[in-house]
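Asker: only geometry, no sequence info:
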């Protein structure tokens, strides 16, 4: 297959609970300085419901989204995590469905 194949996962949101998630880069790898990362949530028609910017270091990417924001996401929804490198390259790193537990 040619091209980038994003990792497929499910993003789990729990009412009243902050969304806290960290992706750690495997040992021996690093995230280049100047890289940014966003998690974008879409409704079934492709309309953006939310864009959450991550904190990025050379070793990990992390989100802390308070429940006041994450509780507004309606289901069904899907998400994508985009990595934006300082050299101008953009990749879809993760993709998948949003699930909710009450």
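Answerer: Here it is on my side, so go on. All values derive from a computational prediction rather than experimental measurement. Numbers count the residues shown, from 1 in each chain.
Asker: Tell me, how many residues neighbour residue 19?
Answerer: 19 (other Cβ atoms under 10 Å). C-beta here means a position set from N, CA and C on the backbone, and glycine is covered the same way.
Asker: ok, now which ones touch it?
Answerer: Neighbouring residues of residue 19 by Cβ atoms under 8 Å, 6 or more residues apart in numbering: 13, 52, 63-65, 67, 70.
Asker: Quick check: closest non-adjacent residue to residue 30.
Answerer: residue 58 (4.6 Å; Cβ to Cβ, 6 or more residues apart in numbering).
Asker: Please spell out the PyMOL selection for the buried subset of the contacts of residue 19.
Answerer: Selection of buried members from those for PyMOL, criterion 16 or more other Cβ atoms under 10 Å:
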select buried, resi 13+52+63+65+70
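Asker: Any buried residues in stretch 20-39, and which?
Answerer: Neighbour-count burial for stretch 20-39, counted by 16+ other Cβ under 10 Å, picks out 23, 31, 35-37, 39.
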